[in-house]
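Trainee: Predicted model and sequence follow; I will ask about them next.
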Amino acid sequence: MRSGIPEQWRDKRPTGRRLIRFAVIADTHVNQSEDEASSFFPLNRLANARSRQVAAMLEQVGAEFVLHLGDIVHPVPGKAGYATAAQCFRELYARVPVPIYLTPGNHDIGDKAAKSAPVASITNEFIDIYRKTFGEPWLSFDHARFHFVIVNAPLINSGLAEEEDHRRWLEADLASHAGQRTFVAIHYPPYVWRPDEPANYDNIDEPGRSWLLDLLRRYRIEAVFCGHVHNFWYDQHGGSEIYIAPSTAFVRQDYSEFMRVCPPGAEGGRADVDKLGFFVVDVHEEGHVAMWLRSQGEQRAPAANAPVSLAPFEIHTKTAAIGNLGVDLRHPWAEVVELPPSGALEEFERKRARNDYPLCAVWDMGLRLLRVPLQDLLDTDVRRRMRIAYSVGNRFIVSVLGVPDAKAAKLIIEHADLLDSLEVTLQVSEMAQAFAQLAELRARIERPIFLAKLRRHEDAEVDGLRYGHLLFFGWVTEEWSEIEKMARDAIAAQAVDGLVFRVGRRISPSELAAKVVPRLKGLGLKLSLCVRLAGDDPAGEELDDEANAARVGDVVTTALEFPDVRCVLDTFMDVDRGYFRRNGLLDRAYNLRPAGALLRTAGAEARASSVTGRP
């Protein structure tokens, strides 16, 4: 590992055999009956049917046990319906053939102690009700060689007598299992933006937050699974991987502000069923992988003991089998969003939260290569997210127009381990004089440099296009004489390792690769393909999902047939305004389009083939 890189960001990819598998579910919000809910929202009445579907899925995933992260039921303790809802939960999940370990959520045991808590805070009475209904509100257990700890988050900072008992117990438990690989389940996440954020409805207040984070760091907790937020989120702190799990019941619609560029849908985003599901976690000899299995908000009641259909879910960047297939991240992928106070859960200030749905989608499709502009590497906060993505297996193609200046070159050299390659776009007239600088940079970063041609109005005749305020990049096959001349000079200067070719919408990437790879190999160069989902008309639209899926299938075939060729899909997410409007792998709500679903399935199949050794 390069100097200056904290040990906490060491490689998190699993190695060795899978030793155990468990599932993580959260926020089931089971009601007291099928058609009655203690909620303003009609969609909450679907929670029981959705849990029935999840229970049928859990029956099939091969988990050895299940962790429930809290908000088991929707009615709060002391209110009518609480005991009945608890009985409904037991009945709904009775078909799950393995133990389910329960974590207390604020709906189960009371909110954390805070002036702004919208419902009653945790009390001794509520703790007693929880114990009588669900069992101990904190506990630990061993499974195989691993240790699991369930924390009572609402109790932290409460001032109740049991808080001190809980604190002493947790400190002693972790100390007695120091050195053992340990996983923690908790309802409230410590934070949703950064560790020093202000207190809000969705985090643990100080001083309890710092106490908990110190324990995670001190005892090198492998992973922490959190609920409460009903939306995906991921971070690393002190070497621990921290996850916020999706709900099985509904989406917290205040977080639909992440998707503010598109209509939120029913109940302000609460009905976004593509964001419902749970984690299946495989623990290996070294490391683990948490895979997201969508439940899709299914409302039909499966027949007793009847199987349900499971989409391929054994897919994640950590275990991806197609390492040379990537996407162009044109949209922000590491942004912090200020959520406006809604008057329900927050009222007095905006809450900052990091939107991790783009990263979730990348991992959910098993993508490793990410093409980003140089500006991402220059931004301290985004660079931290790049470092985290790197630790789970992502590698970055950093693109830059022109030779990087001294400041940029310094950062590229310092963080070169993040790079799969550096992609430099130049006008042909600039290339000869740039080769010496590129050769020096290439020697310093020890990473490949790929050269792309900047295509402007003077290339219109070659491309057969009418240019008007258009900028393209990449070489085309009609320029072989120009390519061969440039390549001889670049190789002599030891300046570049490969070339970027532009693959227009109507061009097959597999056919182009078959034509270009042998010729570039003869020149001593590698190939990187920029495969466009956009057309050539900036006023046009490419919105045919079926055609996009077919094109993605061709890209997958190309990547598998030519493992030394980098295949970059442009674009990751819909471009629905501006120029060259087109559908991507995701819509603007970060949900998979057919092309993304196909890519996910192909990745899962490639992963299965790599494990079994069968094509």
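Mentor: Sure thing, it's come through. Numbers count the residues shown, from 1 in each chain.
Trainee: The stretch 101-250 of the chain: helices as residue ranges?
Mentor: Secondary structure of the stretch 101-250 of the chain, counting by DSSP state H, counting those that start in this stretch: helices at 106-109, 124-134, 161-176, 208-218.
Trainee: next one: the last one to chain centre, how far?
Mentor: This means helix 208-218. Computed by CA atoms, centre = their mean, to the nearest Å, the chain-centroid distance of helix 208-218 equals 24 Å.
Trainee: what does it contact?
Mentor: By CB atoms under 8 Å, 6 or more residues apart in numbering, the residues outside helix 208-218 that reach it are 151, 156-157, 167, 170-171, 174, 184, 190-191, 195, 203-204, 221, 224, 237-240. C-beta: built from backbone N, CA, C; applies to glycine.
Trainee: Can you select the buried ones from these in ChimeraX?
Mentor: Here is the ChimeraX command that picks out the buried ones among the contacts of helix 208-218, judged by 16 or more other CB atoms under 10 Å:
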select :151,156,157,167,170,174,184,190,191,203,204,221,224,237,238,239,240
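Trainee: Which members of the contacts of helix 208-218 occur in strands, if any?
Mentor: With strands defined by DSSP state E, the entries of the contacts of helix 208-218 inside them are 184, 224, 237, 240.
Trainee: hey, what's the third one bridged with?
Mentor: According to DSSP bridges, the residues that bridge with H237 are S240.
Trainee: ok, residues contacting stretch 165-179?
Mentor: Residues outside stretch 165-179 that contact it (CB under 8 Å, 6+ apart) are 138, 140, 147, 149, 151-152, 155-156, 182, 211, 215, 218-219, 221.
Trainee: After the host helix or strand of V500, which helix or strand is next? Please name it.
Mentor: Using DSSP states H and E, the element containing V500 is strand 498-503. Downstream of strand 498-503, the next assigned helix or strand under DSSP H and E is helix 509-523.
Trainee: from the chain's centre, how far out does that next one sit?
Mentor: Centroid separation for helix 509-523 versus its chain: 33 Å, with CA atoms, centre = their mean.
Trainee: And the strand holding V500, what does it pack against?
Mentor: The helices and strands touching strand 498-503, judged by 3 or more CB pairs under 8 Å, 6 or more residues apart in numbering; DSSP states H and E, are strand 419-426, strand 449-455, strand 472-473, helix 509-523, strand 526-532.
Trainee: Dump the helices of the stretch 101-250 of the chain into TSV; add distance to E414 and mean pLDDT as well.
Mentor: Listed next are the helices of the stretch 101-250 of the chain as TSV, based on distance: least, CB to CB, whole Å; pLDDT from 0 to 100:
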stretch	distance to E414	mean pLDDT
helix 106-109	44	96
helix 124-134	51	97
helix 161-176	35	97
helix 208-218	25	98
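Trainee: Check the ones you listed for me and report the most buried one.
Mentor: helix 106-109 (a mean of 28; mean count of other CB atoms under 10 Å).
Trainee: I would like the residues contacting it, please.
Mentor: Counting by CB under 8 Å, 6+ apart, 29, 70-77, 102, 112, 119, 122, 126-127, 129-130, 134, 137, 152, 154-155, 187-188, 228 sit against helix 106-109.
Trainee: Test for you: state the pLDDT assigned to the closest residue to L139 other than its chain neighbours.
Mentor: Take L139 and drop its neighbours on the chain: the residue closest to it by CB to CB, 6 or more residues apart in numbering is I150, 5.2 Å away. According to the prediction, I150 has pLDDT 98.
Trainee: how many other residues sit next to I150?
Mentor: Residues lying near I150 (other CB atoms under 10 Å) number 24.
Trainee: mind listing what it touches?
Mentor: 67, 101-103, 138-140, 184-186.
Trainee: G297 is in contact with L46, correct?
Mentor: Yes - between L46 and G297 there is a contact under CB atoms under 8 Å: 7.1 Å.
Trainee: Please report how far the residue nearest the centre of the chain lies from G603.
Mentor: What sits nearest the mean C-alpha location of the chain, by CA atoms, centre = their mean, is C360, with 1.7 Å. Look at C360 and G603: by CB to CB, to the nearest Å, they are 14 Å apart.
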